[in-house]
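Engineer: Take this sequence and fold it.
(one chain, ligands or ions: 2)
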Amino acid sequence: MPSPISTPQARSENAHAKINLYLHVTGRRGDGYHLLDSLVVFAGAHDTLTLGETTAGPTLALGGAFGPTLQAEAASQGKAQAVQENLVIRAARALAPKALGQQGGAAQLRALHLNLAKNLPVASGIGGGSADAAACLRLLARLWGADGARLATIAPTLGADVPVCLQQRAVRMAGIGEHLTPAPAMPPVGMVLANPGVPVSTPAIFKRLKEAAAPFTPPAPPYPSRGWATAGELASWLGQTGNDLQAPAEAEEPAITALLGALSALPGARLARMSGSGATCFALFDDVASAQAALPHLHQEALPGQRRPWQWAGGLFNA
Ligand SMILES: C[C@](O)(CO)[C@H](O)COP(=O)(O)OP(=O)(O)OC[C@H]1O[C@@H](n2ccc(N)nc2=O)[C@H](O)[C@@H]1O
Ligand SMILES: Nc1ncnc2c1ncn2[C@@H]1O[C@H](COP(=O)(O)OP(=O)(O)OP(=O)(O)O)[C@@H](O)[C@H]1O
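Structural biologist: Ligands and ions are numbered 1, 2, ... in the order given. Next up is the predicted model:
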């Protein structure tokens, strides 16, 4: 039998874009973290992490459309080695001693090189570093041997979104992101994703929400036991929900308001909303073909971008 890491496919792992179809902030913990209720799905769009080798590891090479953005961020922080503090490397460092022991872990880390094709915008509300860290855990678990339970204990130590990105399937998320229950099977859905090219900091948006002192929102109603038969049914059910981070994010970045307007105006769009803490927004369509047909109609003035704007059309990722 081939070893689990012997094929080229086994040496790569995709980190799909996390989409919060709705996000209610239901409370706040004593330590300041917010309690959430969110329906999380994953889009076909993804970063890709691939294993390489070195004798000076752990090392990370950044490629893809947004590799230079991450590289520049690291450089602007004035730390020559900041790329090596990327969440991907932090995930590897967290897993190695637990999977292999101190000595074995140190040896394997020295041999570890990772290539990250960063195709998704950075600091954009679609998982980003969390999805990459989760992909790293899944990839290295295959290489080093670690079970799901072990990964599940490490994931929340890396970030609130890492547990959901580890599962990478449709779930209802509660707590600060650690309570995950399977969602009903999703209907066929088309999706347009767009980022206006403005980075948004998650802590800054939660801080704005806190300062606004708005009342917390109750959790969404129970999900229909048979799920939603069509994208239209899903969109109309989502109409009774919202994203509580959208107003503070729009206050921080008016480009989000313009983008939501442009997405709502797309032919066939059933619902337009922001994901996570922004600034990426999504529109739902009846199917992938409708989303792809609508994408060229997206007004480019809605993507002003200090950074590189981004747009994508496709379907959901089903693990
Ligand atoms: C908004 C979401 O994207 C929804 O999926 C996530 O909750 C954010 O997850 P994340 O980016 O992995 O967040 P972390 O890196 O763990 O936290 C960044 C900061 O966001 C705030 N934060 C995050 C998650 C949460 N449930 N409550 C919070 O208040 C905290 O100030 C925290 O210091
Ligand atoms: N692999 C990575 N990809 C993107 N950002 C990373 C990565 N590793 C570390 N970071 C840092 O994390 C910061 C937040 O970016 P990220 O893309 O994770 O945010 P996000 O998309 O808002 O995430 P979330 O949806 O979980 O809130 C970046 O500004 C960057 O400094």
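
Engineer: going forward, measure contacts between C-alpha atoms and count neighbours the same way
Structural biologist: Will do.

Engineer: What segments of the stretch 151-300 of the chain are strands?
Structural biologist: For the stretch 151-300 of the chain, strands defined by DSSP state E, counting those that start in this stretch occupy the ranges 171-174, 179-182, 190-195, 271-274, 281-285.

Engineer: For the first one, name the packing helices and strands.
Structural biologist: Just to be clear, that refers to strand 171-174. Judged by 3 or more CA pairs under 8 Å, 6 or more residues apart in numbering; DSSP states H and E, strand 171-174 is in contact with strand 34-53, strand 179-182.

Engineer: do you know which of the ones you listed lies nearest ligand 2?
Structural biologist: Ligand 2 lies closest, by CA to the nearest ligand atom, to one member of these: strand 34-53, at 8.9 Å.

Engineer: So which bits of that closest one are buried?
Structural biologist: By 16 or more other CA atoms under 10 Å, the buried positions in strand 34-53 come out as 34-51.

Engineer: for ligand 1, what are the nearby residues on the stretch 1-150 of the chain?
Structural biologist: Residues of the stretch 1-150 of the chain lying close to ligand 1 by CA under 6 Å from any ligand atom are Gly32, Tyr33, His34, Leu35, Gly125, Ser130.

Engineer: residues in contact with the fifth one?
Structural biologist: Contacts for Gly125 (CA atoms under 8 Å, 6 or more residues apart in numbering) come out as Lys18, Ile19, Val200, Thr202, Ser275, Gly276, Ser277, Gly278, Ala279, Thr280.

Engineer: how does it look with 6 Å?
Structural biologist: By CA atoms under 6 Å, 6 or more residues apart in numbering, Gly125 lies in contact with Ser275, Gly276, Ser277, Gly278, Thr280.

Engineer: From these, which land in helices?
Structural biologist: Judged by DSSP state H, helices contain none of the contacts of Gly125.

Engineer: mind giving me JSON lines with these and columns for distance to Val164?
Structural biologist: Compiled in JSON lines, the contacts of Gly125 are given as follows (distance: CA to CA, whole Å):
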{"residue": "Ser275", "distance to Val164": "14"}
{"residue": "Gly276", "distance to Val164": "13"}
{"residue": "Ser277", "distance to Val164": "15"}
{"residue": "Gly278", "distance to Val164": "17"}
{"residue": "Thr280", "distance to Val164": "18"}
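
Engineer: Report the separation between the residue sitting nearest the centre point of the chain and ligand 2.
Structural biologist: The residue lying closest to the centre of the chain (CA atoms, centre = their mean) is Gly127, at 1.8 Å. Distance, Gly127 to ligand 2, by CA to the nearest ligand atom, to the nearest Å: 4 Å.

Engineer: Wait, Ala155 touches Val162, no?
Structural biologist: Yes - Ala155 lies in contact with Val162 (CA atoms under 6 Å); the separation is 5.3 Å.

Engineer: Comparing those two, which residue is more hemmed in?
Structural biologist: With neighbours defined as other CA atoms under 10 Å, Ala155 and Val162 compare such that Val162 has more, 28 against 24.

Engineer: quick one: contacts for the more buried one?
Structural biologist: Contacts of Val162 by CA under 6 Å, 6+ apart are Ser130, Ala134, Ala155.

Engineer: what does Thr50 give?
Structural biologist: Arg11, Ser12, Leu114, Asn115.

Engineer: Now it: closest residue in space, sequence neighbours ignored.
Structural biologist: Nearest non-adjacent residue to Thr50, counting by CA to CA, 6 or more residues apart in numbering: Ser12, 4.3 Å away.

Engineer: Name the residues of the stretch 201-319 of the chain found near ligand 1, please.
Structural biologist: Neighbours of ligand 1 within the stretch 201-319 of the chain, by CA under 6 Å from any ligand atom: Thr202, Pro203, Phe206, Gly276, Ser277.

Engineer: Kindly give a single ChimeraX line that selects the buried subset of these.
Structural biologist: Restricted to buried positions by 16+ other CA under 10 Å, the ChimeraX selection for those reads:
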select :202,206,276,277
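
Engineer: Of the residues of the stretch 201-319 of the chain next to ligand 1, just say which sits nearest to His24.
Structural biologist: Nearest to His24 among those: Gly276, at 10.2 Å, using CA to CA.

Engineer: Quick check: which ranges of the stretch 1-150 of the chain have low pLDDT?
Structural biologist: Low-confidence segments of the stretch 1-150 of the chain (pLDDT under 70): 1-6, 77-83.

Engineer: Show me what Leu271 is bridged to.
Structural biologist: For Leu271, the beta-bridge partners are Leu284 (DSSP bridges).

Engineer: which residues touch it?
Structural biologist: Ala235, Ala283, Leu284 are the contacts of Leu271 under CA under 6 Å, 6+ apart.
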